[in-house]
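> Just need the structure, nothing else, for what follows:
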Amino acid sequence: MKSELVALSGVRKSYNLGRPNETEVLHGLELRITSGEFAALMGPSGSGKSTLLNILGLLEPMTSGSYRLLGEEVDALDDAQLTLRRRRTLGFVFQFHHLLPAFSALENVTLPVLMSDGRVGSAQRERARELLAAVGLAAAMHKKPSELSGGMQQRVAIARSLVLQPALVLADEPTGNLDSASSDEVFSHLRSIHRERGTSFVIVTHDPRLGLRCDRLVELVDGKISRDEPVS
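From the prediction side, this is the model:
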């Protein structure tokens, strides 16, 4: 039976609270994400996609409503607890890979382990090697980012997002900075990891081709969910 990873209820988000230019960008959202899902989050520019992803990722607070992550009410957590949940439960892939140029691909993948534990053990290093192999980079793990193509660098970022074995990976336009061929290749690796490892994904994309290759499509329009359905 699939477990519930994320439950949003009545979630609202406003900016510039109490000021004349106060603006509400999310209007009472209801959303559930269960284990093993591969969902696309789509919508026009300004619809609230990035704001919603930031809330899901514990990167910014909601203004009101309820957010339960693995059954735990997020609003009850302090900053240190939020950091720990973000580190141990969630993985992130962004449009720009943000790899450290002086580090090899393998070192970049193990960086979250180093930041979390202060050291990288043999088991974590082996997991990083396995993840790089899973995204087709077994032969490139000792290369620096400058020696890799844009698509290869993004695949390193995908491996990095998985090294701490998160329950949910949040990807914000992960192929938006790539050409069509590299985009298709990176997306295929995401789908392969989902099938083989059962990791859940929520992917923000403006590309309808990629949205239709997901299992579920959630569409935001003007800060409200206008569509939420399986992809046939």
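> and the helix of greatest length in the chain, how far out from the chain's middle?
Once the chain is assigned using DSSP state H, the helix that runs over the most residues is helix 180-197. Centre-to-centre, helix 180-197 and its host chain are 14 Å apart (Cα atoms, centre = their mean, to the nearest Å).
> residue boundaries of the helices in this protein?
Secondary structure of the chain (DSSP H): helices located at 49-56, 79-89, 105-117, 122-134, 150-162, 180-197, 208-211.
> so of these, which one's packed in deepest?
helix 150-162 (a mean of 24; mean count of other Cβ atoms under 10 Å). For glycine as for every other residue, the C-beta is placed from the backbone atoms N, C-alpha and C.
> Would you mind writing the CA trace of that one as CSV?
Once non-C-alpha atoms are left out, helix 150-162 reads as follows in CSV (Å, rounded to 0.1, in the frame of the first residue of the first chain):
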residue,chain,number,x,y,z
GLY,A,150,25.7,20.4,-19.8
GLY,A,151,23.6,17.2,-19.8
MET,A,152,26.2,15.2,-18.0
GLN,A,153,26.6,17.9,-15.4
GLN,A,154,22.8,17.8,-14.8
ARG,A,155,23.0,14.0,-14.4
VAL,A,156,25.7,14.5,-11.7
ALA,A,157,23.2,16.9,-10.0
ILE,A,158,20.5,14.1,-10.2
ALA,A,159,22.9,11.6,-8.6
ARG,A,160,23.7,14.2,-5.9
SER,A,161,20.0,14.7,-5.1
LEU,A,162,19.7,10.9,-4.4
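> one step back: and the angle for the longest helix of the chain with helix 150-162?
30 degrees (axes from the mean of the first three to the mean of the last three Cα atoms, to 10 degrees).
> on contacts alone, who are the packing partners of helix 180-197?
If you count contacts as 3 or more Cβ pairs under 8 Å, 6 or more residues apart in numbering; DSSP states H and E, helix 180-197 packs onto strand 38-42, helix 122-134, helix 150-162, strand 200-204.
> start to end distance for stretch 13-31?
Using Cα to Cα, to the nearest Å, the end-to-end distance of stretch 13-31 comes out at 14 Å.
> Tell me which residues of it come out buried.
13, 25, 26, 29, 31 (16 or more other Cβ atoms under 10 Å).
> bridging residues for the most centrally placed residue in the chain?
Nearest residue to the geometric centre of the chain (Cα atoms, centre = their mean): residue 170, 1.3 Å. With DSSP bridges as the criterion, residue 170 is bridged to residue 92, residue 202.
> isn't residue 93 right next to residue 166, touching?
No - using Cβ atoms under 8 Å as the test, residue 93 is too far from residue 166 to be in contact (10.9 Å).
> Have a look at the two and say which one is more surrounded.
Under the criterion of other Cβ atoms under 10 Å, the comparison of residue 93 against residue 166 puts residue 93 first, with 25 against 19.
> Identify the residues contacting the more buried one.
With contacts taken as Cβ atoms under 8 Å, 6 or more residues apart in numbering, residue 93 has the following neighbours: 154, 157, 158, 161, 169, 170, 171, 172, 174.
> Leaving out the residues flanking it, which one is nearest to the last one?
Leaving aside its sequence neighbours, residue 174 sits nearest to residue 93 (Cβ to Cβ, 6 or more residues apart in numbering; 4.6 Å).
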